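Participant: give me a 3D structure for the following:
(one chain, ligands or ions: 1)
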Amino acid sequence: CVLKLKQQKSPLNKLLEHLLRFLEKRDPHQFFAWPVTDDMAPGYSSIISRPMDFSTMRQKIDDHEYTALTEFTDDFKLMCENAIKYNHVDTVYNKAAKRLLQVGMKHLQPENLMRSLKPLS
Ligand SMILES: CC(=O)c1cc(-c2ccccn2)c2ncccn12
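Facilitator: Sure, this is the predicted structure:
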């Protein structure tokens, strides 16, 4: 079989992988780590038309599906907004999603990007 040459990671992919790790650290309970199932959340798939989670975002990075930071940021916002929509305001998931969205958007603004990547510079 022909060995698949390890593709060089593009600068964008390196950035997205670091940002993903930075955002995952702000989800210590791993509420957003994996897709939400109807078993965990009754009726979820009929309420949320476009599910998103960190594992799906990681797969999209690996499959080079993101061509710009804005597409990554859109998926992050979608993930948080799904949780705010499905879960009642007084649940841990709704509260965690609002907090994660706020922290995440602060660091995903281009002018703040370096702040989340500082340890690497
Ligand atoms: C993100 C979200 O909406 C969510 C994560 C979870 C979740 C994620 C990991 C372990 C346990 N629960 C969940 N459970 C019930 C209803 C909603 N959720």
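Participant: this protein: strands as residue ranges?
Facilitator: Using DSSP state E, no strands are assigned anywhere in the chain.
Participant: which residues of it fall in helices?
Facilitator: 11-24, 44-47, 54-62, 69-86, 92-108, 113-117 (DSSP state H).
Participant: can you tell me which of the ones you listed has the worst average pLDDT?
Facilitator: The minimum mean pLDDT among the helices of the chain belongs to helix 113-117 (a mean of 82).
Participant: can you list the helices of the chain in TSV and add distance to the ligand and mean neighbour count?
Facilitator: Quick note: C-beta positions are derived from backbone N, CA and C, even for glycine. Output for the helices of the chain, formatted as TSV (distance: least, C-beta to the nearest ligand atom, whole Å; neighbours: other C-beta atoms under 10 Å):
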stretch	distance to the ligand	mean neighbour count
helix 11-24	13	16
helix 44-47	7	12
helix 54-62	10	16
helix 69-86	4	18
helix 92-108	4	16
helix 113-117	22	14
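Participant: closest to residue 38 out of these?
Facilitator: helix 44-47 (5.2 Å; C-beta to C-beta).
Participant: tell me if I'm right that residue 87 and residue 98 touch.
Facilitator: No - here residue 87 lies out of contact with residue 98, judged by C-beta atoms under 8 Å, at a distance of 10.2 Å.
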